[in-house]
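Engineer: can't give you the sequence, but here's the structure:
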């Protein structure tokens, strides 16, 4: 189904959400038609944020908003759906559009398997009427469903379209780029060169995939790394837990801007605990690159001021490999809580692989290394 037809059936003037590769057609359509426009389209920090934003839109306009996300974001909407939107509370209606990763019977990454299995069950538990859109769904079918959904929306209930892989198509191309010169994979390689045998906790998406391949190319053990393949936004909290309990080790967290924004409350917690053995590195390309490249707000933020305000002892931003190496070497044995922002270009190798070890093997090897 063409995404233009899908959007026409939804008939909404406002979209907000967190980008998803399964919804790339919708995301690209929104960028091409609206860009980032507070009246029509806003990319939120996380799915709960977008749900609350949608509620505010409805309160101010009386109109129906659309909230889009990957199904991994369902957990983030449970609280605002149950305690804000629900018809037994404020009866605020919204249309959810959810990319179905880990759909049963379709091969996917391990972090998506269980989430995919319970996707529709979670919606049912939240009393959100839902319909699965597949490649075979026709416009007439969608109109029929929307007629039914409109009755629920008028009653203050929310509804959801669960989007299967390749169900939506879009012919127009969108190019996401910035003016930065160095790429994430070479940044991570320089981190690996300096960190040596220190533990690294890497964020979800391509960063963890690149870290895995860098170890492979160097014939190094993967035991040093914990790959946060799911649980977007939580790698820094994982790293904090490790740093607290392994004070003799220098712990490195490789974070991404979309992930850090998603749960940025971790930074003041880290600053308050103040582990002097933690290095928090933000690779900032201003994009949700792993799921397609849509922009984050990170390009307009002063993360150095934020880190210092949160209690980090040392914070610096770099945009080239020479300065990066100097800073990495400087903080290697600094004995302080450190933050490095590295400004990165958007892009990755077309032949970038995925970890060949299982998540359980990753956990067990990492724990043995820490022991």
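Structural biologist: Sure thing, it's come through. In this text the structure is predicted, and so the values were computed from the model without any measurement.

Engineer: so what pLDDT did the residue of the chain positioned farthest from its centre get?
Structural biologist: Centroid-distance maximum for the chain: residue 140 at 33.5 Å, with CA atoms, centre = their mean. What the model reports as pLDDT for residue 140 is 96.

Engineer: and it, what helix or strand is that in?
Structural biologist: Secondary-structure assignment from DSSP states H and E places residue 140 in helix 139-154.

Engineer: packing partners of that helix?
Structural biologist: Helix 139-154 is packed against helix 3-10, strand 129-133, strand 159-163, with contacts defined by 3 or more CB pairs under 8 Å, 6 or more residues apart in numbering; DSSP states H and E. Where C-beta positions appear, they are placed from N, C-alpha and C, glycine not excepted.

Engineer: now these in TSV, with mean neighbour count?
Structural biologist: Formatted as TSV, the helices and strands packed on helix 139-154 follow (neighbours: other CB atoms under 10 Å):
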stretch	mean neighbour count
helix 3-10	17
strand 129-133	18
strand 159-163	24
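
Engineer: what's the closest of these to residue 272?
Structural biologist: strand 159-163 (37.7 Å; CB to CB).

Engineer: and the next helix or strand along the chain from that closest one, what's buried?
Structural biologist: The helix or strand immediately downstream of strand 159-163 is helix 184-195, counting by DSSP H and E. The neighbour-count check on helix 184-195 (16 or more other CB atoms under 10 Å) flags 184, 185, 187, 188, 189, 190, 191, 192, 194, 195 as buried.

Engineer: helices or strands up against helix 184-195?
Structural biologist: For helix 184-195, the packing partners by 3+ CB pairs under 8 Å, 6+ apart come out as strand 200-202, helix 206-217, strand 251-256, strand 278-284, helix 321-332.

Engineer: now those in a markdown table, please, with extra columns for mean neighbour count.
Structural biologist: Formatted as a markdown table, those follow (neighbours: other CB under 10 Å):
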| stretch | mean neighbour count |
| --- | --- |
| strand 200-202 | 27 |
| helix 206-217 | 21 |
| strand 251-256 | 28 |
| strand 278-284 | 27 |
| helix 321-332 | 16 |
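
Engineer: could you dump the ones you listed into JSON lines with distance to residue 348 added?
Structural biologist: Converted to JSON lines, the helices and strands packed on helix 184-195 look like this (distance: least, CB to CB, whole Å):
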{"stretch": "strand 200-202", "distance to residue 348": "14"}
{"stretch": "helix 206-217", "distance to residue 348": "5"}
{"stretch": "strand 251-256", "distance to residue 348": "12"}
{"stretch": "strand 278-284", "distance to residue 348": "12"}
{"stretch": "helix 321-332", "distance to residue 348": "17"}
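
Engineer: make JSON lines from the ones you listed and add mean pLDDT and distance to residue 179 to it.
Structural biologist: Output for those, formatted as JSON lines (pLDDT from 0 to 100; distance: least, CB to CB, whole Å):
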{"stretch": "strand 200-202", "mean pLDDT": "98", "distance to residue 179": "25"}
{"stretch": "helix 206-217", "mean pLDDT": "96", "distance to residue 179": "20"}
{"stretch": "strand 251-256", "mean pLDDT": "98", "distance to residue 179": "18"}
{"stretch": "strand 278-284", "mean pLDDT": "98", "distance to residue 179": "13"}
{"stretch": "helix 321-332", "mean pLDDT": "98", "distance to residue 179": "16"}
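
Engineer: to residue 77, which of these lies closest?
Structural biologist: strand 251-256 (21.5 Å).

Engineer: quick one: that closest one to chain centroid distance?
Structural biologist: Centroid displacement of strand 251-256 relative to its chain, using CA atoms, centre = their mean, to the nearest Å, is 15 Å.

Engineer: just the angle for that strand relative to helix 206-217, thanks.
Structural biologist: The directions of strand 251-256 and helix 206-217 differ by 130 degrees, with axes from the mean of the first three to the mean of the last three CA atoms, to 10 degrees as the criterion.

Engineer: give the partner strands of strand 251-256 in its sheet and their orientations.
Structural biologist: Next to strand 251-256 in the sheet, as set by DSSP bridges, lie strand 200-202 (parallel), strand 278-284 (parallel).

Engineer: what sits up against the helix or strand just after the last one?
Structural biologist: This means strand 278-284. Where DSSP H and E defines the elements, the next helix or strand beyond strand 278-284 is strand 287-288. If you take CB atoms under 8 Å, 6 or more residues apart in numbering as the criterion, strand 287-288 is touched by 18, 19, 43, 176, 178, 257, 258, 293, 294, 295, 296, 346.
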